[in-house]
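Trainee: after the sequence you'll find the predicted model.
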Amino acid sequence: MIRTFIAIAIPETVRQQIGKLQTELKTIGGKVRWVKPDSMHLTLKFLGEVPEGDIEKIGNQVQQAIESVEPFALQIVGSGCFPNSKRPRVLWLGISGRADVLKKLAERIEANLVKLGFRRERREFTPHLTLGRVKSISGIAPLIEKMGLLDFDSEPFEVREILVMKSDLKPTGAEYSVLRKIPLSSN
C-alpha cells in the first residue's frame, strides 16, 4: 500500500521565502511542529493508503481531469489558522492568483477519482499551504496574533503540472516523492 495524494509543487524560490518567514515566526515562541520548506506542496486531494496497482489508474484519471487546463499563475499570500484563532491547530498561508482555476481543477480531479471509489471530501476545497501544526495552545497567543498581522506575498509562479505523490511517514516527519508528473495542456 502507498500513502498517496495529488499535489502541485511549490518552486524553490517561493519555498525559500517561506523558510525565511518561518525563521522569523519561530522567534516568537509557541509549540509548533513546523513544516520543512523543502516538503511544502499544495495538496489537491489526499487519497490515503492505495494499492500499488491502482497508481496508474489514479494518474490516468487525473490526466483526464486536467487535459484541457492550461498552465496558470498562483501566488502565496496572507495567513491564518484552522479551525480558528481561538483554538488553532494548523497555521497556513493562503493562495491567490488564479484560485478560480485551482478550485475548478481540484473539483475535476476529485470527480474523476470518485469514479475509482475514492470518497468525496466533506469539506469544500480550501487552497492553502500548511506552515505548521500547533502542538499546544499554551503560550501560542503571541504567534497567532503575529499570524493575523502578516503581510506575506510570495513571488507569483506558474503551475505547469500536477503531481501524483507518495508520502512515507518517518519518525523525523513525512518524506515525499513523485510517482507521476502530469503536464497541463499546452494548447
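Mentor: Ah, there it is. Numbering: from 1, shown residues only.

Trainee: now the phi/psi pair for residue 58, please.
Mentor: With angles defined as degrees, to the nearest 10, residue 58 sits at phi -60, psi -50.

Trainee: list the contacts for the spatially closest residue to it that is not a sequence neighbour?
Mentor: Counting by C-beta to C-beta, 6 or more residues apart in numbering, residue 58 lies nearest to residue 164, which is 6.0 Å off, once chain neighbours are set aside. In this view, the C-beta of every residue, glycine as well, is placed from N, C-alpha and C. Residue 164 makes contacts with 4, 6, 55, 58-59, 62, 178-180, 182, as judged by C-beta atoms under 8 Å, 6 or more residues apart in numbering.

Trainee: try 7 Å this time
Mentor: Counting by C-beta atoms under 7 Å, 6 or more residues apart in numbering, residue 164 makes contact with 4, 6, 55, 58-59, 62, 179-180.

Trainee: between those residues, which has the most around it?
Mentor: residue 6 (28 neighbours; other C-beta atoms under 10 Å).

Trainee: before we move on, what SS does that residue have?
Mentor: Three-state assignment for residue 6 (DSSP: H, G, I helix; E, B strand; the rest coil): strand.

Trainee: so how far is residue 181 from it?
Mentor: 12 Å (C-beta to C-beta, to the nearest Å).

Trainee: tell me what residue 79 is bridged to.
Mentor: residue 93 (DSSP bridges).

Trainee: rewinding a little: residue 6 versus the residue nearest to residue 58, what's the distance?
Mentor: Residue 164 is 6 Å from residue 6, by C-beta to C-beta.

Trainee: and if you look at residue 39?
Mentor: Going from residue 39 to residue 6 by C-beta to C-beta gives 16 Å.

Trainee: now do residue 89
Mentor: Going from residue 89 to residue 6 by C-beta to C-beta gives 23 Å.

Trainee: mind putting the contacts of residue 164 into CSV with pLDDT and distance to residue 122?
Mentor: Formatted as CSV, the contacts of residue 164 follow (pLDDT from 0 to 100; distance: C-beta to C-beta, whole Å):
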residue, pLDDT, distance to residue 122
4, 96, 19
6, 97, 17
55, 95, 25
58, 97, 21
59, 96, 25
62, 96, 21
179, 96, 26
180, 96, 27
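
Trainee: export these to JSON lines and tack on distance to residue 72?
Mentor: Output for the contacts of residue 164, formatted as JSON lines (distance: C-beta to C-beta, whole Å):
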{"residue": "4", "distance to residue 72": "24"}
{"residue": "6", "distance to residue 72": "16"}
{"residue": "55", "distance to residue 72": "26"}
{"residue": "58", "distance to residue 72": "22"}
{"residue": "59", "distance to residue 72": "21"}
{"residue": "62", "distance to residue 72": "16"}
{"residue": "179", "distance to residue 72": "23"}
{"residue": "180", "distance to residue 72": "20"}
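
Trainee: can you give me the strands for this structure?
Mentor: For the chain, strands defined by DSSP state E occupy the ranges 2-9, 31-34, 41-50, 72-82, 90-97, 128-136, 157-159, 161-170, 173-183.
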